[in-house]
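Just the structure for this:
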Amino acid sequence: MFGDLGPVGIALVLTVLLIVGIPGGGKLKPLGWWTTLLVALLAASAYKAAGGPFNIVPDAAGTVINFLRGLTKGATMPALALSTAIVMLYLKLSTKQLGFVTLVFFYLAQGAGGNWTYLADAIENARIGLQ
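Take a look at the predicted model:
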């Protein structure tokens, strides 16, 4: 029906969903907490794979990470990712705040390696396969 969106298309669609879906106001209800979390996780992977103008988000997350690593010498990516996950789960964040923190978290988690890199790698491999 929609054809091949590709990584840039996926990044664009998920960005629009986050921007328009969080405040709501249309025929559909606003995105809930868990939906925002899932969409932001997917968007972070798509941003990494899409590159171009979508590098703004990873670059901003990288700035936050460098600040935190400078503030707490010796902090590893897994420690920062776990700390961010704790903030996401225990603070009463609005869905807009959750979307932003999730983008930073997923960027940290991808840098930490392990299971969190599978989704980003799959989208990246799809981009390479389309070229």
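
Any regions of the protein where pLDDT drops low?
1-3, 110-116, 120, 123-124, 126-131 (pLDDT under 70).

Which stretches in it count as helices?
Taking DSSP state H, the helices of the chain run over residues 6-21, 33-50, 56-71, 77-90, 95-112, 117-130.

got these as TSV, with distance to K27 and mean neighbour count columns?
(Each C-beta comes from the backbone N, C-alpha and C, glycine too.) As requested, the helices of the chain are exported to TSV (distance: least, Cβ to Cβ, whole Å; neighbours: other Cβ atoms under 10 Å):
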stretch	distance to K27	mean neighbour count
helix 6-21	12	18
helix 33-50	16	21
helix 56-71	28	14
helix 77-90	29	15
helix 95-112	18	21
helix 117-130	29	15
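
Could you tell me the backbone phi and psi angles at S94?
phi -70, psi 170 (degrees, to the nearest 10).

how many other residues sit next to it?
11 (other Cβ atoms under 10 Å).

tell me the contacts of the nearest residue to L41 once chain neighbours are set aside?
The spatially closest residue to L41, leaving aside those adjacent along the chain, is F106, at 5.2 Å (Cβ to Cβ, 6 or more residues apart in numbering). For F106, the contacting residues are A40, L41, A44, S45, W116, by Cβ atoms under 8 Å, 6 or more residues apart in numbering.

Please tell me I have it right and the fourth one contacts L119.
Yes: using Cβ atoms under 8 Å, S45 makes contact with L119 at a distance of 4.6 Å.

show me the contacts for the closest residue to G99 other than its chain neighbours.
Nearest non-adjacent residue to G99, counting by Cβ to Cβ, 6+ apart: A40, 4.6 Å away. Taking Cβ under 8 Å, 6+ apart, we find A40 in contact with L18, L98, G99, F100, T102, L103, F106.
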